[in-house]
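**Student:** this one's sequence-less:
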Ligand code: G6P
């Protein structure tokens, strides 16, 4: 084991640091192909052009990747997108609109609820299935019409890290490919989206170099029993994922919330015993997020801010801030995942939990 782990203490830490390579490997083919639908299979161009709606189905972290994809696909294609948890979808009712493209996201391709959900979807209407999976020849990819493999390599840590961010990268490519096939963006707009991709591995490396600041935050976080994660737009699902990571491995009760929902409930919980981790992009919603920060600060909440450069106006309201070393553009959800993974990892390590094999959880849930 120790030879395999190299300088790392746990597989999870190693896998967090493998992300620049995992992302580069996943994007390799896509970069050569541009946003060509053929990346997803021979029939992809025809299926993408005629699809009437999109339904994303997944479990766990893969579900959170699906929630991010909804923002990208809606923004770039104007298509209606819904996102379902597989264990809910499979027991729900309702027919699928003809031509619906079902996107099934799964690291393993063997999650029982997901397999049941896609089989069920096929009975509900004339749908096509697109699989996004990290395992070639999995049950999921065999049963799908179209597929794209993420190239995360073997992920051993039960809490997903590199499998999650490579799913996001693949979903961004999918959103661009759908827009390309359906001609919903201009050539210049597509090029602008594509131009972010080759920069991604270096962006991730730059953020990984801020690890020691997350170690400092972890020191504070171990003393709390609850935490709240906030974000808006594509960073809302990343707040959900950050909270999930903390629950899974550090056994701290954490909730992710859309920042705008704060006043509809969680604000009642805010006091000096509630750390609040906020993800802030330097975008058109930053002003809205600032007013959320003021609401929290006025109630004594301890804000830990992760922000893009340009968000410095928030600094007077926060206890501690991590300003990312780069602008993240549309890839914000991928980049912001990194400090949240590191924060959960170091908090768990400090608490002495079994980071790679958290209690009661399994890497792949192949039975119901
Ligand atoms: C388990 C794992 C999670 C994963 C989820 C879905 O709960 O611990 O990390 O996100 O299953 O797995 P899948 O292989 O379908 O992505």
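**Tutor:** All right, it came through fine. The structure displayed is predicted, hence computed values, not measured ones. Numbers count the residues shown, from 1 in each chain.

**Student:** Not counting sequence-adjacent ones, nearest residue to the residue of the stretch 201-350 of the chain found nearest the ligand?
**Tutor:** Residue nearest to the ligand within the stretch 201-350 of the chain (CB to the nearest ligand atom): residue 248, separated by 7.1 Å. Placement of C-beta: from N, CA and C, glycine included. Using CB to CB, 6 or more residues apart in numbering and skipping residues adjacent in sequence, the residue nearest residue 248 is residue 159, 4.7 Å away.

**Student:** What is the neighbour count of the closest residue to the ligand within the stretch 1-150 of the chain?
**Tutor:** The stretch 1-150 of the chain approaches the ligand most closely through residue 60 (2.8 Å), counting by CB to the nearest ligand atom. Residue 60 has 22 neighbours, counted by other CB atoms under 10 Å.

**Student:** Measure how buried the residue of the stretch 201-350 of the chain closest to the ligand is and give me the count.
**Tutor:** 24.

**Student:** Residue ranges in the stretch 251-368 of the chain under the pLDDT threshold?
**Tutor:** Within the stretch 251-368 of the chain, no stretch has pLDDT under 70.

**Student:** Tell me the residues on it that lie near the ligand, please.
**Tutor:** 361, 363, 364, 365 (CB under 6 Å from any ligand atom).

**Student:** Which residue ranges of the stretch 251-368 of the chain form helices?
**Tutor:** 286-298, 332-351 (DSSP state H, counting those that start in this stretch).

**Student:** Which of the residues in the last one are classified as buried?
**Tutor:** Pointing back at helix 332-351 there. Residues of helix 332-351 classed as buried by neighbour count (16 or more other CB atoms under 10 Å): 332-349.

**Student:** residues contacting residue 197?
**Tutor:** 27, 30, 31, 169, 172, 173, 331 (CB atoms under 8 Å, 6 or more residues apart in numbering).

**Student:** filter those residues to the buried ones?
**Tutor:** Here, 16+ other CB under 10 Å leaves 27, 30, 169, 172, 173, 331 buried among these.

**Student:** what helix or strand is residue 62 on?
**Tutor:** helix 60-77 (DSSP states H and E).

**Student:** wait, the residue of the stretch 1-150 of the chain closest to the ligand sits on residue 158?
**Tutor:** No. Taking contacts as CB atoms under 8 Å, residue 60 lies outside contact range of residue 158: 10.1 Å.

**Student:** joint contacts of the two?
**Tutor:** Going by CB under 8 Å, 6+ apart, no residue sits against residue 60 while also sitting against residue 158.

**Student:** Show me where the stretch 101-250 of the chain has its helices.
**Tutor:** Assigned by DSSP H, counting those that start in this stretch, the stretch 101-250 of the chain shows helices spanning 112-124, 139-143, 162-182, 187-195, 200-208, 211-221, 235-250.
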